[in-house]
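**Student:** Below are the sequence and a predicted model for it; my questions follow.
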Amino acid sequence: MDTFALAPHESFTPTEHDRKLARQSSRDLSRFLEVEQDLELQIHGQGSSAEVVVPPAAVKFLVEVLSEMASGNAVTLVPMHAELTTQQAAGILNISRPSLIKLLDEGKIPCRRVGSHRRVLFSDIQTHKERIESARSRTLDELAAQAQELDMGY
């Protein structure tokens, strides 16, 4: 079994073996999503074993991570309080770095300066992303309502 350690904000891309194992593990764990109490897991490997107690929120998180891995998606763990470079923040928003700099300069996303560099909190990036998604959803709802009013067959 391979071991790995992730540097802060480093992604882990699953291998085909990881994908298959993650698919089965997420199915097995998902049966316990509705359980509102701690989950006891038995772990066996490399000549030792342990019993681990996991809180319900962590089980939900594990199922989500395993589901993403099963789909072949890279997974990155970023604490909400983490500070990102402008390149990392732009990557999360799926925009160019100059576009992010414009948003920072306009005050649409808060940042702080470290010397000549800007740092952005991950939580602020998530807030901005949620705000954009909400606006996008409202616009789509309005367009769908207009299409229905005009009997466009949607």
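**Tutor:** The structure has been received and is ready for your questions.
**Student:** Which stretches in this protein count as helices?
**Tutor:** Secondary structure of the chain by DSSP state H: the helices cover 16-30, 56-70, 86-93, 97-105, 122-149.
**Student:** Tell me which of those is the most buried.
**Tutor:** Among these, ranked by average contacts under mean count of other C-beta atoms under 10 Å, first place goes to helix 86-93 (a mean of 18). Just so you know, the C-beta spots here come from the backbone N, C-alpha and C atoms, and that holds for glycine as well.
**Student:** Nearest approach to Val114 belongs to which of the helices of the chain?
**Tutor:** Val114 lies closest to helix 86-93 among the helices of the chain, at 11.2 Å (C-beta to C-beta).
**Student:** can you give me the mean pLDDT across that closest one?
**Tutor:** The average of the pLDDT scores along helix 86-93 is 93.
**Student:** can you dump the C-alpha coordinates of it into PDB?
**Tutor:** The C-alpha coordinates for helix 86-93 follow below in PDB (Å, rounded to 0.1, in the frame of the first residue of the first chain):
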ATOM      1  CA  THR A  86      -3.900  34.900  -6.200                       C
ATOM      2  CA  GLN A  87      -3.100  32.000  -8.500                       C
ATOM      3  CA  GLN A  88      -4.600  29.400  -6.200                       C
ATOM      4  CA  ALA A  89      -7.700  31.600  -5.700                       C
ATOM      5  CA  ALA A  90      -8.100  32.200  -9.400                       C
ATOM      6  CA  GLY A  91      -7.900  28.400 -10.000                       C
ATOM      7  CA  ILE A  92     -10.700  27.700  -7.500                       C
ATOM      8  CA  LEU A  93     -12.900  30.300  -9.100                       C
END
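**Student:** For it, which helices and strands make contact with it?
**Tutor:** helix 97-105, strand 117-121, helix 122-149 (3 or more C-beta pairs under 8 Å, 6 or more residues apart in numbering; DSSP states H and E).
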